[in-house]
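[1] Any chance you can model this:
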Amino acid sequence: MLFCAAAISVLTSCTTIDFNKLEPGSFSGTLIVMWVGEGSTSGDGKFVFVPDPHNRLTFRRPGPSSMPITPGVMYTDGGSVPKVVQVFRGFNPWGYAPAYMVHDWIFTARHCLDDGRRDPEYTALENIQFRESAVILGEAIHTLMKEKVVSENDVAKRAITEAVNSPIAANIWKGSPGKCKDDAVTEEDLREIEKAVPGSTSDEARLRNLNIASAVKTLRRPSTAVVVGRVTF
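    Sure, this is the predicted structure:
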């Protein structure tokens, strides 16, 4: 089944990406993932990537002139890996979490750009096209393996890179009008996140003209958001 999953992803991809030709980049900063609720019908919970206000997660692609990619606060399910293959090594949806956060942020920026948003956080990524987004995920996974943050896995790295280069992923990339607003972290969740990690939502609050910090001061109950993962490079 593992090899079938890899084969299917390659056969359905838009243009095959040669993983052997990808170069590693570098990660810096801290990854924080928080649980903010029970989620939808999937039963996996509702998770948010939270920028560390003092040490933001950043991925730098190979090459001296490459722009750093620094994800902002967003909902995430890690890697959208089908449950049928999650039992195999390398296919856990959180196994390559730093790489998935970078890829998720590129899609978030694309949807907001398509909805007419011109915030610097989004325009910094406006030249990235769909196929390049898959290449960047491959570079990020390659980086995690080279730095021995995760173990080497030839099947997983190729299958996942090709899966995010598939027609299905391309349709998600295109999104639909209003996708930026629909996917935005709610004000309620932003308040809970801010209570748990002060300063982490300042960029999002500024983009949406929200005074989250002031609102948090009026709340007496403890935050219901819980940090479930933290990794520092």
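
[2] When you work out contacts or count neighbours from here on, use the C-alpha atoms and nothing else.
    Noted.

[3] Run a quick neighbour tally on residue 63.
    Close neighbours of residue 63, defined as other Cα atoms under 10 Å, add up to 10.

[4] for the protein, which spans come out with low pLDDT?
    Filtered on pLDDT under 70, the chain yields the residue ranges 1-15, 39-44, 82, 84, 87, 213, 215, 217-222.

[5] On the secondary structure side, give me the element for the residue nearest the centre of it.
    Residue closest to the average C-alpha location in the chain (Cα atoms, centre = their mean): residue 101, at 2.1 Å. Counting by DSSP states H and E, the element that carries residue 101 is helix 97-114.

[6] Run through the neighbouring helices and strands of that helix.
    On a contact count with 3 or more Cα pairs under 8 Å, 6 or more residues apart in numbering; DSSP states H and E, helix 97-114 meets strand 74-76, helix 120-123, helix 130-146, helix 167-174, helix 179-183.

[7] Would you indicate which residues of the third one are buried?
    What that stands for is helix 130-146. 130-131, 133-146 (16 or more other Cα atoms under 10 Å).

[8] Check the second one too.
    Judged by neighbour count (16+ other Cα under 10 Å), helix 120-123 contains these buried residues: 121, 122.

[9] Residue 165 against residue 134, yeah?
    Yes: contact between residue 165 and residue 134 holds when scored by Cα atoms under 8 Å: they sit 5.5 Å apart.

[10] how far does stretch 107-117 sit from the chain's center?
    With Cα atoms, centre = their mean, to the nearest Å as the basis, stretch 107-117 stands 15 Å off its chain's centre.

[11] check contacts around residue 169.
    Contact analysis of residue 169 by Cα atoms under 8 Å, 6 or more residues apart in numbering lists residue 163.

[12] still on that earlier bit, give me the contacts around the helix holding residue 101.
    For helix 97-114, contacts defined as Cα under 8 Å, 6+ apart pick out 31, 49, 59, 69-72, 74, 76, 78-79, 121-123, 125-126, 128, 133-134, 136-137, 140-141, 144, 173-177, 179-181.

[13] can you pull out the helices in this structure?
    For the chain, the helices defined by DSSP state H cover 2-11, 97-114, 120-123, 130-146, 154-163, 167-174, 179-183, 187-196, 202-207, 212-217.

[14] Out of these, the one nearest residue 227 is which?
    The closest of the helices of the chain to residue 227 is helix 187-196. By Cα to Cα, the value is 8.0 Å.

[15] how distant is the closest one from the center of its chain?
    Mean-position distance between helix 187-196 and its chain equals 19 Å (Cα atoms, centre = their mean).

[16] which parts of it are buried?
    For helix 187-196, the neighbour count (16+ other Cα under 10 Å) marks 189, 190, 191, 192, 193, 194, 195, 196 as buried.
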